[in-house]
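A.B. asks: Take a look and give me a structure for this.
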Amino acid sequence: MAAAVATMEAYQGMASASRAPLPKRVETDLPPIQVDFRDIAESAGLTAVNVSGRPANKRYILETTGTGVAIFDFDNDGWMDIFLVNATTFETDGPGAKATSHLYRNLGNLRFQDVTAKAGLERTGWGQGVCAADYDNDGFTDLFVTHYGQSVLYRNRGDGTFVDVTRETGLSASETRWQTGCSFVDYDLDGKLDLVVAGYVNFDPARTPEPGSSAQCRWKGLPVICGPRGLPASRHYLYRNEGGRFRDVSQASGVGAPTGCYGFTVTASDYDNDGRPDLYVACDSTPSLLYRNRGDGTFEEVGLASGVALNEDGQEQAGMGVAVGDFDEDGHVDIAKTNFSDDTPNLYRNNGDGTFSDNVYVAGLGVHTQYLGWGIHFLDVDHDGRKEVLIVNGHVYPEIDNTQLGRYGQPRLLYWNVGGGLFQDISREAGSGITDSWPSRGSAVGDLDNDGSLEVVVVNLGSRPSLLKNLGTKKNWLLARCVGTRSNRDGVGARVYVFAGDRRLSGEALTGSSYISQSDPRLHFGLGDADSYDRIEVIWPGGEREVFPGGPANRQVELRQGADIATGGR
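C.D. replies: The predicted structure follows:
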């Protein structure tokens, strides 16, 4: 029978009791099973070309940052669909000027149908990022798409179509904004999903210098697009959901205070285990931000004090994408972040006392400084119960292909989690889907064929997307989806713990992450050789604890708040 404990003390006690030494390292040179990612996008029907300004000879930074992707089930048929954000061009009559984003309906068996027009999503413009959630708790997942210009909230009608409700929900802007990442989050724990949106640059093409015209417009002697340094930084917005209509609380909450941050990805998670979701913003060329939720409607920016604003040498970085997860299963969520080339990513290990340590070199993730990272994920590719790190790369300057400074298209990176807080680079052995080079940006992870194995969808600048399928062997697994009744319907912010034998595996229901993208809302757990699990414990937003009984492996389960059993099937 499900047991509920509605106290913050129970929440904190569980997290404290679960903090344990790092798992023992596995002493091996190769993963115990084969990992073989292949790009099957064309056979799956994912053929829409990404448009982000000119393919080459780019004049403005807006043409280089690319777009995101969301994986979600828009028609509630049990199959995850794909929404690919698209941009446009400055030329109003050239190829791609009338490009739209694309919604692909999952037909099963890794086949997809473009239903953009039927769904009413044919808007043209400088699309950027995306997050998806049921903001009105009506049982259907809605879409928020960020733009340079006017970001848009699409309400899911439940009949396969969407309607633009930006103005009537209070989200329209009177001025042009360049907004990038977004996340739905119930920051005030009232059961309604609020919305946080990151801002990048206050961009005006008429006032932006030409490539090569100043120090900010040159890179290693090469004339390139200008920015973000030298351009005015935008600011971030927080909107409180007041029952289907949003109120701008950016200033009152502290999230909208000027910071000088060129913001990309914003992710919401409870980093200090106090039961309240906090906000992390990856900032380009400036210190990244961590907003601690005070619980009174306001946030305190503690990035520098917490150790997640800079690298271990105290230097600013060009933050792009963010992954959140407990990679060492010690009860505290960690942060991984991608950065520019000639730098490393970050692996901020949560110390459990409000601070983080950048373990990127200790963990073995600092070996490829030649690549420019965007999307990043914690995911269990081999189902051994440990989370790997996947990084999606691509340079911003097409001009470098004519130099010795690097390549515009770049391979992906896959690091196998060997335990003990350590990772091993297995990129070269992980299949052509990893080793092939692309100018990639946003990425999302999800089980698109419901077989327990995670696929990866990647946005490639100026080309079709990639759909990476792991053809290697895998072990047992479990997929869990949270459904709130007293909390928000999607259970966003819920922590889920799966107990199998002497192991405890964790996940958290999130919206925006990676690089301005969103992954499958279901939580994936690799169970290794265990053919069953003992129980599932859920900490709902606000601290209510609920226990669900165990069951067989290799199935999907629904964790409905207040229910007596986890329901679902294979």
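A.B. asks: Any stretches of this structure with poor pLDDT?
C.D. replies: Low-confidence segments of the chain, defined by pLDDT under 70: 1-33, 569-570.
A.B. asks: hmm, 80 instead?
C.D. replies: Applying pLDDT under 80 to the chain flags residues 1-33, 94-95, 473, 564-570.
A.B. asks: Helices of that one, start to end?
C.D. replies: Secondary structure of the chain (DSSP state H): helices at 8-18, 41-44, 116-119, 250-253, 303-306, 360-363, 432-435.
A.B. asks: Run through the neighbouring helices and strands of the fourth one.
C.D. replies: For helix 250-253, the helices and strands in contact under the criterion 3 or more CB pairs under 8 Å, 6 or more residues apart in numbering; DSSP states H and E are strand 237-241. Using the backbone N, CA and C atoms, a C-beta is placed for each residue, glycine as well.
A.B. asks: outside of the strand it packs on, which residues touch it?
C.D. replies: 135, 170-171, 179, 187-188, 192-197, 199, 246-250, 253, 255-256 (CB atoms under 8 Å, 6 or more residues apart in numbering).
A.B. asks: Which PyMOL command selects the buried ones in those residues?
C.D. replies: PyMOL command restricting those to the buried ones, with burial defined by 16 or more other CB atoms under 10 Å:
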select buried, resi 135+170+171+179+187+188+192+193+194+195+196+197+199+246+249+250+253+255+256
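A.B. asks: among the contacts of strand 237-241, which are in strands?
C.D. replies: Among those, DSSP state E puts 179, 194-197, 199, 246-248 in strands.
A.B. asks: okay, those in CSV with distance to L479 next?
C.D. replies: Formatted as CSV, the ones in strands among the contacts of strand 237-241 follow (distance: CB to CB, whole Å):
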residue, distance to L479
Q179, 31
D194, 27
L195, 26
V196, 27
V197, 29
G199, 34
F246, 31
R247, 35
D248, 36
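A.B. asks: Specify which member of the residues you listed is nearest to D436.
C.D. replies: Closest approach to D436 among the ones in strands among the contacts of strand 237-241 (CB to CB): Q179, at 31.2 Å.
A.B. asks: which one is that closest one nearest to, not counting chain neighbours?
C.D. replies: Nearest residue to Q179, sequence neighbours excluded (CB to CB, 6 or more residues apart in numbering): T146, at 4.0 Å.
A.B. asks: Contact partners for the closest residue to N241 other than its chain neighbours?
C.D. replies: Here the nearest residue to N241 in space, its sequence neighbours aside, is K192; by CB to CB, 6+ apart that works out to 4.1 Å. Going by CB under 8 Å, 6+ apart, K192 touches 135, 137, 186, 241-243, 488.
A.B. asks: Can you flag the buried ones in these?
C.D. replies: Of the contacts of K192, these count as buried by 16+ other CB under 10 Å: 135, 137, 186, 241, 488.
A.B. asks: Not counting sequence-adjacent ones, nearest residue to the residue minimising distance to the centre of the chain?
C.D. replies: For the chain, the residue sitting closest to the mean C-alpha position, by CA atoms, centre = their mean, is S513 at 1.7 Å. Nearest non-adjacent residue to S513, counting by CB to CB, 6+ apart: T267, 5.0 Å away.
A.B. asks: tell me the contacts of the one you found?
C.D. replies: 181, 183, 279-280, 322, 324, 510, 512-513.
A.B. asks: ok, of the residues you listed, which one's closest to H332?
C.D. replies: Set against H332, the nearest of the contacts of T267 by CB to CB is V324 (11.2 Å).
A.B. asks: Can you tell me who that closest one pairs with across the strands?
C.D. replies: In this entry, V324 is beta-bridged to I335, by DSSP bridges.
A.B. asks: Hmm, I335 and it touching each other?
C.D. replies: Yes: applying CB atoms under 8 Å as the test, V324 and I335 come out as touching, 5.9 Å apart.
A.B. asks: Looking only at neighbour counts, state which of the two leads.
C.D. replies: Between V324 and I335, counted using other CB atoms under 10 Å, I335 has the larger neighbour count: 27 against 23.
A.B. asks: Tell me how far the more buried one lies from D358.
C.D. replies: Separation of I335 from D358 (CB to CB, to the nearest Å): 10 Å.
A.B. asks: shared neighbours, those two?
C.D. replies: Common neighbours of I335 and D358 (criterion: CB under 8 Å, 6+ apart): 346-348.
A.B. asks: now R504, nearest residue through space, not along the chain?
C.D. replies: Y497 (5.6 Å).
A.B. asks: so what's the one you found up against?
C.D. replies: 18, 504-506, 536-539.
A.B. asks: if you set the cut-off to 10 Å instead, what comes out?
C.D. replies: When contacts are counted by CB atoms under 10 Å, 6 or more residues apart in numbering, Y497 is found next to 14, 18, 326, 329, 331, 504-507, 525, 535-539, 545, 547.
A.B. asks: what does R294 give?
C.D. replies: 253-254, 274, 276, 278, 300 are the contacts of R294 under CB under 10 Å, 6+ apart.
A.B. asks: who wins for neighbours among these?
C.D. replies: Compared across the contacts of R294, S253 has the highest neighbour count, 25 neighbours, by other CB under 10 Å.
A.B. asks: quick one: that residue from Y239, how far?
C.D. replies: 10 Å.
A.B. asks: so what sits against both of the two?
C.D. replies: By CB under 10 Å, 6+ apart, the residues touching both S253 and Y239 are 194, 196.
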